[in-house]
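*Asks:* I'll drop the sequence and a predicted model, then ask my questions.
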Amino acid sequence: MTPKPHRSRRSAALIVVVALAGCGAVLGVLWSWMAPSIHTVTALTRSGDQVDAFLGTESDNLFVAAAMLIGLLSMLAIVSAVLVWQWRPHRGPVLVTALWIGQLAAGVTAAGAGAMLVRWRYGTPEHQGAPLSPENRVHYLTEAPPVFLGDGPLQIALNLLLPAAVAALTYAVMAVATPRDDLEGWPPEGHQGFEAASRSGVRTITGI
């Protein structure tokens with residue numbers, strides 16, 4: 001039989017959200033160390049025009065860096081969903097809601113911490129202020145990797161919602177695989193409060 005929890009569901013939900021936000025910040029630090037930088041070049045043409053370009057296949061790092069952050073957040077989503085599921089007394093809609101809200105918070109803190117650290121590490125490139133002259137026509141720059149696949153609001157939202165959806169789906173799969181309606185949580189089937197709530201729900205349905 002599932003033991004009665006020592007804390008309320010609201011308190012448990014708050015713990016999940018705060019813990020995931022903190023884990024997101026840690027992942028942001030890890031990502032800033034792992035993410036590949038982007039090497040670009042600024043050149044002065046014979047006509048005096050300034051041209052910016054990527055070195056070799058460095059443009060691929062725009063996708064690779066952002067995809068790495070999504071991968072780290074998706075990994076956190078699966079692990080956190082499994083760990084939250086282990087908190088048996090609080091299984092149910094409250095905790096799964098806290099799970100995806102916490103995963104969104106993790107995405108925000110990861111992106112914020114990661115962006116801040118890579119900007120501090122690589123600085124802000126100044127293409128227009130590059131020291132170009134007829135004697136020195138080429139200047140190489142190292143740019144910070146992006147945290148999102150794009151700058152648009154929809155692209156940013158999708159980057160944050162994807163790991164949250166993975167967490168909710170993982171939790172839902174485990175819930176569907178549980179044979180008991182109470183998800184082996186609290187209150188368990190057969191408990192007085194559970195039976196009273198069930199009878200109340202039946203009366204409400206039959207009275208419609």
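*Replies:* Sure, I can see it.
*Asks:* low-confidence stretches in the chain?
*Replies:* 1-7, 127-133, 179-208 (pLDDT under 70).
*Asks:* residue ranges of the strands in it, please?
*Replies:* For the chain, strands defined by DSSP state E occupy the ranges 38-44, 50-54, 138-143.
*Asks:* okay, the angle between the longest one and strand 138-143?
*Replies:* Angular relation of strand 38-44 and strand 138-143 on a 0 to 180 degree scale: 150 degrees, by axes from the mean of the first three to the mean of the last three C-alpha atoms, to 10 degrees.
*Asks:* the closest residue to residue 19 other than its chain neighbours: neighbour count?
*Replies:* Excluding its sequence neighbours, the residue lying closest to residue 19 (C-beta to C-beta, 6 or more residues apart in numbering) is residue 102, at 7.0 Å. To be clear about C-beta, it is placed using only N, CA and C from the backbone, and glycine gets the same treatment. By the measure other C-beta atoms under 10 Å, the count of residues near residue 102 is 29.
*Asks:* give me the most central residue, this structure.
*Replies:* What sits nearest the mean C-alpha location of the chain, by C-alpha atoms, centre = their mean, is residue 107, with 3.0 Å.
*Asks:* quick revisit: hey, which of the strands of the chain is tucked in deepest?
*Replies:* Among the strands of the chain, strand 38-44 has the highest mean neighbour count (mean count of other C-beta atoms under 10 Å), at a mean of 18.
*Asks:* figure out how far that strand is from the centre of its chain.
*Replies:* Strand 38-44 has its C-alpha centroid displaced from the chain centroid by 32 Å (C-alpha atoms, centre = their mean, to the nearest Å).
*Asks:* in stretch 29-38, what's buried?
*Replies:* Within stretch 29-38, the residues that qualify as buried are 30, 31, 32, 35, 37, 38, counting by 16 or more other C-beta atoms under 10 Å.
*Asks:* the second one: what's it in contact with?
*Replies:* What that stands for is residue 31. Listed by C-beta atoms under 8 Å, 6 or more residues apart in numbering, the contact partners of residue 31 are 68, 69, 72, 110, 114, 147.
*Asks:* closest to residue 156 out of the buried residues of stretch 29-38?
*Replies:* If you rank the buried residues of stretch 29-38 by distance to residue 156 using C-beta to C-beta, residue 31 comes first, at 15.8 Å.
*Asks:* for the closest one, which non-adjacent residue is closest in space?
*Replies:* residue 114 (4.6 Å).
*Asks:* ok, now how distant is residue 146 from residue 65?
*Replies:* Distance of residue 146 to residue 65, computed by C-beta to C-beta, to the nearest Å: 6 Å.
*Asks:* same question, residue 119
*Replies:* 13 Å.
*Asks:* of those two, which one has the most company?
*Replies:* residue 65 (24 against 12).
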